[in-house]
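Participant: Generate coordinates for the sequence data below:
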Amino acid sequence: MPLRVFLLCFTSSAMKTLPILLHPDPRLKKMCDPVTVFDTALQTFADDMLHTMYEAPGVGLAAPQVGVTKRIFVMDCTTKDEDQIREHKPMVLINPEITWSADETSVYNEGCLSLPDLYEDIERPASVKMRYRDVSGETHEETFEDLWSTCAQHELDHLDGILFIDYLTRMKRNMMTRKMEKYKKDLARG
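Facilitator: From the prediction side, this is the model:
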């Protein structure tokens with residue numbers, strides 16, 4: 001089913017788009033607390049996060065990016081070829097932890113919904129195995145490769161108060177922070 005049709009089917013009037021925090025915001029640098037309650041409120045929050053991620057549009061979104069300091073992130077790194085219909089694989093990962101990472105690394109040009117239009121090459125393990133819980137509290141373990149691996153590691157970093165720019169030199173990090181401060185001022189002016 002085409003992306004537009006999927007989003008119409010996936011989106012309900014009950015889902016809402018959450019505001020995404022922009023760097024620099026001190027809430028993005030906080031260590032998140034584990035999720036301990038698995039209830040309908042958590043399911044609703046996960047649905048809202050997925051809706052927000054698709055609307056942005058992005059491939060991942062962590063709870064601190066929407067102002068909630070809990071260990072939960074969502075992702076969907078499916079891609080669409082010109083000749084193929086995009087199959088979605090929305091994932092909700094709660095209390096995730098890496099249990100294994102490859103020695104081999106890969107480099108992706110990463111961006112972040114909290115740093116719009118800023119990208120930089122970041123080197124990370126090419127694949128990782130992650131243990132996590134789903135919205136019902138059931139434990140899963142899955143190996144992620146390629147973009148899925150990069151995204152899972154990027155979003156897990158958010159739960160530990162780490163942004164992708166923290167992997168850059170101080171000069172590049174400061175330059176991106178200044179660009180974001182200007183961007184936020186421009187947004188405030190309208």
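Participant: burial measure for H88, as a count.
Facilitator: By other CB atoms under 10 Å, the residues close to H88 number 16. All C-beta spots, glycine's among them, are computed from the backbone N, C-alpha and C.
Participant: Can you report phi and psi for it?
Facilitator: Backbone dihedrals for H88, given as degrees, to the nearest 10, come out at phi -90, psi 150.
Participant: And E142, by the same measure?
Facilitator: Here E142 shows phi and psi, under degrees, to the nearest 10, equal to phi -140, psi 150.
Participant: pretty sure it is touching V128, no?
Facilitator: No: counting by CB atoms under 8 Å, E142 does not reach V128; the two are 9.4 Å apart.
Participant: And these two? Which one has more around it.
Facilitator: Set E142 next to V128 and count neighbours by other CB under 10 Å: V128 wins out with 22 against 14.
Participant: Let me know the secondary structure of I20.
Facilitator: coil (DSSP: H, G, I helix; E, B strand; the rest coil).
Participant: who's in contact with it?
Facilitator: Residues in contact with I20, defined by CB atoms under 8 Å, 6 or more residues apart in numbering, are T52, A56, L61, Q65, V66, L113, S114.
Participant: Could you report the distance from it to R27?
Facilitator: From I20 across to R27, the span is 11 Å (CB to CB, to the nearest Å).
Participant: Equivalent analysis for T17, please.
Facilitator: 18 Å.
Participant: got it, and E110?
Facilitator: Taking CB to CB, one finds E110 at 20 Å from R27.
Participant: Neighbour count for the two, which is higher?
Facilitator: E110 (20 against 14).
Participant: So that one is in contact with T150, correct?
Facilitator: Yes: applying CB under 8 Å, one finds E110 in contact with T150, separated by 6.8 Å.
Participant: Sweet, I'm off.
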